[in-house]
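> pasting the structure only:
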């Protein structure tokens, strides 16, 4: 008789978040990741399911051999494999977890961005396939809290500090790690919002990495003028309609008319915050996308994008804007991690290190959920992007049992594609094949059931003929 000694037995290798010096810890970590995806929560009680499971999660987070660094490195290595041969957009941004009003017993945390509540920050780099906008995974991340005694006074003297002493160094570190992990990509473009508008980021960008950054600084340029005034003299390359989504209740969205201009600019090194090795001037491309005739009361779209890419034609300028707009994928990841998904700000853990470990797991779980929901609409991506060969083999055996007698109850996707796997998971989650597409809850529920069924299938395949397999989970 064969029994499963650990809850993690049979869990997909794609759910692995580290080895931590012991296969039992590796299995436990993979099981926690799977449970976070399945239940859509980072609450320890919800992940654990039972009292014994809850204690197991707490022990895992308490274990000194389990580190944030190994969790993030494992997620990054998995994503690196998916980047090979692809044109990759590495989107980086920062989000904050603030416990204001709920920080009384928190330990090891400093002030959040408001300078009042305790909290911490996450700065992930998410890999996106430029061809189909698919999220491939977490390339890198930095998780930190300000020193408990830090009250914001250091910000007032920020111009006197070198970059290595500033939090803004995370933008350079993120780009460097993305270039290292995505070395096998066909092309790498690192994208950031206005906070990443740092002269040093352009001056010290990694080899083979292109940059697209939304300009925040009206910098001095070589002709004696200012950066933001430069496009006024340039011709419009093209005009095109842009769908603007709703900004909230009462806003139905709109279609904006966008005018594109682009040209080369020579920006001068700033007076502060540079290294002696930074060049005195950099020649970059500026692409300006501005909304013409915006409706009354609506803030017009106005993007000034600094990039190392060429934008000599309308098509090239439009492509730069398209690459920048892929930032929505990291915003979607933050929503999936926080209030619209896993609920990281609501967890009750008190210790900073345990919170950081759970946040690292949450980043991986948020991306995995997005991948599964994206796959429901089809596409050419392989199932191997999210599942290992053993799970794909199990899916091939389970899938036919879920098909019905009608065309809409038959899996229409190519076998072993990600869409094919997503269809199977959706059916296991309760989707009938009719009406609206399956949502995140259905996909999470289906993944949980699929993992359990795959575990039984794989154990049965490994057992000698006639041997009874029992699983204690």
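Noted; the coordinates are in hand. Every value quoted in this text rests on a predicted model; they were computed, and no experiment measured them.

> which helices and strands sit right next to the helix or strand residue 367 falls within?
Residue 367 is part of helix 352-375, with elements assigned from DSSP states H and E. Under the contact criterion of 3 or more CB pairs under 8 Å, 6 or more residues apart in numbering; DSSP states H and E, the helices and strands touching helix 352-375 comprise helix 23-39, helix 51-62, helix 68-83, strand 118-129, strand 135-144, helix 328-337, helix 418-428, helix 440-462. All C-beta spots, glycine's among them, are computed from the backbone N, C-alpha and C.

> Residue ranges in the stretch 201-350 of the chain under the pLDDT threshold?
Applying pLDDT under 70 to the stretch 201-350 of the chain flags the ranges 248, 250.

> Please repeat the previous calculation with a cut-off of 80.
245-253, 273-274, 340 (pLDDT under 80).

> Can you show me the helices along it?
Remark: helices assigned in the stretch 201-350 of the chain by DSSP state H, counting those that start in this stretch are 314-325, 328-337.

> Distance to residue 215 and mean neighbour count added to those, as CSV?
CSV is the format used below for those (distance: least, CB to CB, whole Å; neighbours: other CB atoms under 10 Å):
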stretch, distance to residue 215, mean neighbour count
helix 314-325, 11, 19
helix 328-337, 19, 20
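
> Show me what secondary structure element comes after the helix holding residue 367.
Toward the C-terminal end, the helix or strand that comes next after helix 352-375 (DSSP H and E) is helix 389-398.

> in that following helix, what counts as buried?
Within helix 389-398, the residues scored as buried using 16 or more other CB atoms under 10 Å are 390, 391, 392, 393, 394, 395, 396, 398.

> With distance to residue 22 as extra columns, can I get the helices of the stretch 201-350 of the chain in a markdown table?
A markdown table is the format used below for the helices of the stretch 201-350 of the chain (distance: least, CB to CB, whole Å):
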| stretch | distance to residue 22 |
| --- | --- |
| helix 314-325 | 42 |
| helix 328-337 | 28 |
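
> starting at the chain centroid, how far to the helix holding residue 367?
Relative to its chain's centre, helix 352-375 lies at 8 Å (CA atoms, centre = their mean, to the nearest Å).

> hmm, back to that, need the helices and strands packed on helix 352-375 in CSV (columns: distance to residue 343).
Shown next, in CSV, are those (distance: least, CB to CB, whole Å):
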stretch, distance to residue 343
helix 23-39, 10
helix 51-62, 15
helix 68-83, 19
strand 118-129, 14
strand 135-144, 17
helix 328-337, 9
helix 418-428, 22
helix 440-462, 13
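
> what bits of the stretch 351-473 of the chain have low per-residue confidence?
Counting by pLDDT under 80, the stretch 351-473 of the chain has low-confidence residues at 375-381, 385-388, 435-436, 439-441, 444, 455, 461-473.

> just to revisit the earlier point, next, the angle from the helix holding residue 367 to helix 23-39.
50 degrees (axes from the mean of the first three to the mean of the last three CA atoms, to 10 degrees).

> relative orientation of helix 352-375 and strand 135-144 in degrees?
Computed by the same axes, to 10 degrees, the angle between helix 352-375 and strand 135-144 is 160 degrees.

> So which residue is dead centre in this protein?
For the chain, the residue whose C-alpha lies nearest the mean C-alpha position (CA atoms, centre = their mean) is residue 126; its distance is 4.0 Å.

> tell me what the top strand by length along the chain is packed against?
Scanning the chain for the strand with the most residues, using DSSP state E, yields strand 254-268. Secondary-structure packing of strand 254-268 (3+ CB pairs under 8 Å, 6+ apart): strand 238-244, strand 281-292, helix 314-325.
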